[in-house]
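Participant: sequence below, structure please.
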Amino acid sequence: MASTADIKNGMIIKLDDGLYTVVEFGQNKTARAAAKVLAKLKGVDNTRSIEKTWNSGDTIFPVRVERRPYQFLYKDDSGYNFMDTNSFEQILLGENMIERPELYKDGQECFVLVNTETEQAMSVELPPNVVLRVTYSEPGLKGDTATRTLKPAKVETGATVMVPLFVDENELIRIDSKTGAYVERVKE
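Facilitator: Numbering: from 1, shown residues only. Next up, the predicted model:
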């Protein structure tokens, strides 16, 4: 058990028989009333988002979670298959448990968040940046780096990413895995 003073972004808490990740939180202090703690929460299963208000000092129930290294193997009709890089055990997870599934390619390193009480996988997340090859892009203009004009490009996983005009086919690009946005070109 913990109190509302221990809340931080990314923390997973148990609330009303469900697990929620703290997306954002803050305090509201008024002159006459007790301080309140406001939080935006997202369901661990990615199906719902709620806002919750507690009185300052109320008890919350955090869940202990471990980030374990896994490797994405392949996707089939039954779901996404991952392998633990330490024990080589394989697990099968549904698409709703995966953050940005369009950016996963075979052999991709990732992290599975595991509830340590039940040893159950809760969600999968990528490293902060992923490197993918551009498979299709309209021809760009050489030297056009002054403007921030973007064009769509298809990467090897099938996802479409907005990239600057100078990015061509068969180039490697770094993509922010949280937003899905282009970061930079990568030299081979």
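Participant: OK, contacts around the residue lying closest to Ile7 once chain neighbours are set aside?
Facilitator: In this structure, Ile7 finds its nearest non-sequential neighbour in Phe25, 5.1 Å apart by Cβ to Cβ, 6 or more residues apart in numbering. (C-beta placed from N, C-alpha, C; glycine too.) Phe25 makes contact with 7-9, 37-40 under the criterion Cβ atoms under 8 Å, 6 or more residues apart in numbering.
Participant: run a quick neighbour tally on the nearest residue to Ser177 once chain neighbours are set aside.
Facilitator: Once flanking residues are discounted, Ser177 sits nearest to Leu126: 3.8 Å by Cβ to Cβ, 6+ apart. Number of residues near Leu126 (other Cβ atoms under 10 Å) recorded here: 21.
Participant: wait, doesn't Leu126 sit right on Lys105?
Facilitator: No - using Cβ atoms under 8 Å as the test, Leu126 is too far from Lys105 to be in contact (10.5 Å).
Participant: this protein: helices as residue ranges?
Facilitator: For the chain, no helices are identified by DSSP state H.
Participant: got any ranges where it has weak pLDDT?
Facilitator: 45-47, 140-147 (pLDDT under 70).
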